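Visitor: with the input below, show me the fold.
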Amino acid sequence: MKKSARITAIEYVLPIKTLSNEDLARDFPEWDVDKIFGKTGINNRQIAGVDECASDLAFQACEKLFSTIDLERSSIDFIILCTQSPDYFLPSTACILQDRLGLSTHCGAFDYNQGCSGFIYGLGLAKGLIETGQAKNIILVTAETYSKYINPADKSVRTLFGDAAAATLVQCAADGPYIDRFRYGTDGSGAKNLIVPIGGSRNPSAMNESPELYSDASGNSRTDANLYMNGSAIFEFSMTRIPQLFSSIFDETFTVDDVDLFAFHQANKFMLDSLRRRIKLPIEKFISEFEHCGNTVSSSIPIALKESMNKGVLSEGQTVVGIGFGVGYSWAGCVIKW
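Guide: Numbers count the residues shown, from 1 in each chain. Have a look, this model is predicted:
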């Protein structure tokens, strides 16, 4: 029997604390509630607590997954965890998660740092592990707490990003392929346009020193220990690379008409509307599920898929094209048969 990797369950969690447009309008009086929503399409973002880390959200998402599936924990033979906000430089957050979940010590576990394209990359990794016989039951975890990198005085990113974690069960199945046609791309020349400049080995943080606070031309304040985003450069990259990636998925045997739904990285309303119009996709097939949680980085696609399932928009037998793109620059796409 040919081995095929298949998504069989998705669950996600959001932190309790809410950052609403009303909250942001109080902090940034020059932007009222309507302007914030008009620019972003987001009403609320959920923000991790002071002592709440990516592994805490990841743990909650996995526990929620286990509560909804009929599978013993001992059957999980791999955890793949995508995060750019790990608990520690080392050890791997996935190793901490394996122990906390009480999984077998025969379970493989590793982190990878990928950001907005991370869910698609993770599906590709899971497919490789399953279809080469290295694993049968994989939990692909995406967990991010970007809020810990964001300066409260920087509305350019504070209005967009929310914290979240998702747990996706990928299992060995017959018949397939259920996840296929993977396409990837990288352009590291854009690394500087979405970055936390200091804190790693290249530019370590100075002990007991606070980095200098500075403001940009738009009045956003941050330090080099905070997240910086060049929004216009990210937009230009997305408008150029993503239509090219999208086209590469299709050929004479598989066309846009064969697709039931399109699940793009849920960046923000302006970005998604622009991409949808550029690629000429029908709005009724284009998933938009970020109003209640903001841009949740690597968790945005699994959250969009789960919400589509909950609403009856996505059901068994349908075909989805998933597209992730962003920090790196990195981009990836694939076809998912539900």
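
Visitor: residue contacts, the closest residue to Phe246 other than its chain neighbours?
Guide: Leaving out its chain neighbours, the residue that sits closest to Phe246 by CB to CB, 6 or more residues apart in numbering is Ile279, at 5.5 Å. Heads up, the C-betas are built off the backbone N, CA and C, glycines and all. By CB atoms under 8 Å, 6 or more residues apart in numbering, Ile279 lies in contact with 242-243, 246.

Visitor: out of those, which end up buried?
Guide: Buried subset of these (neighbour count, 16 or more other CB atoms under 10 Å): 242, 246.

Visitor: any idea where the helices of the stretch 201-338 of the chain begin and end?
Guide: When assigned using DSSP state H, counting those that start in this stretch, the helices of the stretch 201-338 of the chain occupy the ranges 231-248, 269-279, 300-310.

Visitor: taking helix 269-279 as reference, get the angle to the longest one.
Guide: The one in question is helix 231-248. 40 degrees (axes from the mean of the first three to the mean of the last three CA atoms, to 10 degrees).

Visitor: average pLDDT across helix 231-248?
Guide: Helix 231-248 comes out with an average pLDDT of 96.

Visitor: residues touching it, excluding its own?
Guide: Applying CB under 8 Å, 6+ apart, the contact partners of helix 231-248 are 156, 183, 185, 187, 190, 193-194, 264, 267, 270-271, 274-275, 278-279, 321, 323, 325-326, 329, 331-333.

Visitor: name the element His106 belongs to?
Guide: Take DSSP states H and E as the rule and His106 turns out to sit in neither a helix nor a strand.

Visitor: quick one, what contacts the residue nearest to it when sequence neighbours are not counted?
Guide: In space, His106 comes closest to Asp77 once its chain neighbours are excluded; the distance is 6.8 Å by CB to CB, 6+ apart. If you count contacts by CB under 8 Å, 6+ apart, Asp77 has them with 104, 106-108, 135-138.

Visitor: pLDDT weak spots in this protein?
Guide: The model of the chain has pLDDT under 70 over residues 1, 206-208.

Visitor: look up how far Ile287 lies from the residue nearest to His106.
Guide: Here the distance between Asp77 and Ile287 works out to 31 Å (CB to CB, to the nearest Å).

Visitor: and what of Cys116?
Guide: 15 Å.

Visitor: what about the two, which has more around it?
Guide: Each of Cys116 and Ile287 has its neighbours counted (other CB atoms under 10 Å); Cys116 has more, 30 against 22.

Visitor: excluding chain neighbours, what is closest to the more buried one?
Guide: Closest residue to Cys116 apart from its sequence neighbours, by CB to CB, 6+ apart: Gly326 at 2.9 Å.

Visitor: OK, contacts around the one you found?
Guide: Residues touching Gly326, when contacts are defined by CB under 8 Å, 6+ apart, comprise 115-117, 194, 234, 238, 265, 267, 297.

Visitor: format these as TSV; extra columns: distance to Val170.
Guide: Formatted as TSV, the contacts of Gly326 follow (distance: CB to CB, whole Å):
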residue	distance to Val170
Gly115	20
Cys116	20
Ser117	17
Leu194	27
Ile234	29
Ser238	27
His265	19
Ala267	24
Val297	20
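
Visitor: let's see which of the residues you listed end up in strands.
Guide: When strands are assigned by DSSP state E, the members of the contacts of Gly326 inside them are Leu194.

Visitor: could you identify the most distant pair in the contacts of Gly326?
Guide: Comparing all pairs in the contacts of Gly326 by CB to CB, the longest separation belongs to Ser238 and Val297, at 14.6 Å.

Visitor: higher neighbour count, the two?
Guide: Legend: neighbour count by other CB under 10 Å for Ser238 and Val297, higher for Val297 (31 against 23).

Visitor: doesn't Asp35 fall inside a strand?
Guide: For the record, residue 35 is Lys, not Asp. No: secondary structure assignment places Lys35 outside any strand; it is helix (DSSP: H, G, I helix; E, B strand; the rest coil).

Visitor: Glu209: neighbour count?
Guide: Neighbourhood size, Glu209 [other CB under 10 Å]: 7.

Visitor: likewise the one 10 residues further on?
Guide: Here the count is done by other CB under 10 Å, and Gly219 has 12 residues near it.

Visitor: what sits against it?
Guide: Contacts of Gly219 were listed using CB under 8 Å, 6+ apart, and they are Glu30.

Visitor: do the same with the one 4 residues further on
Guide: Shown in contact with Thr223 (CB under 8 Å, 6+ apart): 151, 210-214.

Visitor: where along the stretch 51-200 of the chain do the strands fall?
Guide: 78-82, 108-112, 137-144, 164-173, 179-186, 194-195 (DSSP state E, counting those that start in this stretch).

Visitor: wait, which of those is closest to Cys53?
Guide: Distances from Cys53 to each of the strands of the stretch 51-200 of the chain were compared by CB to CB, and the smallest falls on strand 137-144, at 8.7 Å.

Visitor: and the closest one, what does it pack against?
Guide: helix 54-66, strand 78-82, helix 93-101, helix 118-131, strand 164-173 (3 or more CB pairs under 8 Å, 6 or more residues apart in numbering; DSSP states H and E).
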